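J.: sequence? don't have it. structure:
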């Protein structure tokens, strides 16, 4: 019998495998959401380093957001990650939703990052 954690890991593995096949030389925009916050990172998988990150727990974001667990917070983080990535010269990324469905906060973050100038 499979447990919930096993199913989550399998789903994440399927998504990551598809990303690696499709990525080419693009960096990976990885999203993590918890019950209270949302986090985004642009990762260089070849070198294994995080190039840019943004989250709703940053000091300036905490002051401007009512809660880190809302669609408004996800939109703000999406715009912020796009700005920081463009400052580093990153324009093309591949979106890694992890084991999360492309819905709600994850979708809002992705659409805000696209509006901010990232292509994926």
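T.: Nice, I can see it. These numbers were taken from a predicted model, which means no experiment stands behind them.

J.: Can you find the helix or strand in this protein with the smallest mean pLDDT?
T.: helix 59-64 (a mean of 85; mean pLDDT, DSSP states H and E).

J.: Just name whatever secondary elements that one is in contact with.
T.: Applying 3 or more Cβ pairs under 8 Å, 6 or more residues apart in numbering; DSSP states H and E, one finds that helix 59-64 contacts helix 71-87. Backbone N, C-alpha and C define where each C-beta goes, glycine included.

J.: What is the burial count for the closest residue to residue 113 other than its chain neighbours?
T.: Leaving aside its chain neighbours, residue 113 sits nearest to residue 78 (4.2 Å; criterion: Cβ to Cβ, 6 or more residues apart in numbering). Applying other Cβ atoms under 10 Å, we find 28 residues neighbouring residue 78.

J.: cool, the one 4 residues further on as well?
T.: Applying other Cβ under 10 Å, we find 26 other residues in the vicinity of residue 82.

J.: Run through the residues that contact it.
T.: By Cβ atoms under 8 Å, 6 or more residues apart in numbering, the contact set of residue 82 is 112, 113, 114, 115, 116, 117, 118.

J.: Just name the closest of the residues you listed to residue 7, please.
T.: Using Cβ to Cβ, residue 113 comes nearest to residue 7 of the contacts of residue 82, at 27.4 Å.

J.: Wait, a strand at the closest one?
T.: No - according to DSSP: H, G, I helix; E, B strand; the rest coil, residue 113 belongs to no strand; its state is helix.

J.: residue closest to the middle of the protein?
T.: Among the residues of the chain, residue 31 comes closest to the average C-alpha position under Cα atoms, centre = their mean, at 2.6 Å.

J.: Give me the distance between that one and residue 2.
T.: Computed as Cβ to Cβ, to the nearest Å, the residue 31 to residue 2 distance reads 24 Å.
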